[in-house]
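A.B. asks: here are the coordinates; sequence isn't available:
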C-alpha cells in the first residue's frame, strides 16, 4: 500500500468524525474517537467498495492518482451521509434492557 491508498481509505472517516463532533456539539473522549472512527471507516469503505464492484464488475482496483482522487471524493460524500444517518438513528431509536439476576427470581 502506498500513501495515496492509505489516505483514500482513512481520511474520509477522519473528516466524518470531525463532522460528527460538530453535529453533536460536543467533544469526544478518546474511546469514542477510536470507536466512531473505526465505525465510519468500516461502513464508508464497505459501501464504496460495493459501489465500485457493482459499477466496474471487477474485484481488483488499481489506485492510480486519478482513481484515488475519485475514490476519495466518493468516500467523503458517503462518509458524510453515514454521519447524518447515524445521528438520525442515534436520536430516534431507544433500546432499554432490564437485567434480572437469579437472586431476584427467588
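C.D. replies: Cool, the structure landed. These numbers come from a predicted model, not from an experiment.
A.B. asks: Contacts only, for the residue nearest the centre of the chain.
C.D. replies: Nearest to the geometric centre of the chain sits residue 40, at 1.3 Å (Cα atoms, centre = their mean). Applying Cβ atoms under 8 Å, 6 or more residues apart in numbering, one finds that residue 40 lies in contact with 12-13, 16-17, 20, 79, 82-83. Every C-beta, even on glycine, is put in place using the N, C-alpha and C of the backbone.
A.B. asks: give me that answer again for 10 Å
C.D. replies: 12-17, 19-20, 78-80, 82-83, 86 (Cβ atoms under 10 Å, 6 or more residues apart in numbering).
A.B. asks: Same question for residue 21.
C.D. replies: For residue 21, the contacting residues are 27-28, 32-33, 36, 83, by Cβ under 10 Å, 6+ apart.
A.B. asks: Among the residues you listed, the buried ones, what's the ChimeraX command?
C.D. replies: A single ChimeraX command suffices to select whichever of the contacts of residue 21 are buried according to 16 or more other Cβ atoms under 10 Å:
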select :28,36,83
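A.B. asks: Please look at residue 45 and residue 9 and confirm they touch.
C.D. replies: Yes: the criterion here is Cβ atoms under 10 Å, and residue 45 meets it with residue 9 at 5.9 Å.
A.B. asks: so what sits against both of the two?
C.D. replies: Common neighbours of residue 45 and residue 9, counting by Cβ under 10 Å, 6+ apart, are 71, 75.
A.B. asks: Any chance of the backbone angles for residue 15?
C.D. replies: Torsion angles at residue 15 (phi, psi; degrees, to the nearest 10) stand at phi -60, psi -40.
A.B. asks: confidence score at it?
C.D. replies: Looking at residue 15, its pLDDT reads 94.
A.B. asks: Make 15 the first number, not 1, from now on.
C.D. replies: Sure, I'll start counting at 15 from here, so that last one is residue 29.
A.B. asks: ok, for it, nearest residue in space, not its chain neighbours?
C.D. replies: The shortest distance from residue 29 to any non-neighbouring residue, by Cβ to Cβ, 6 or more residues apart in numbering, is to residue 90 (5.7 Å).
A.B. asks: And that neighbour, how far from residue 60?
C.D. replies: 15 Å (Cβ to Cβ, to the nearest Å).
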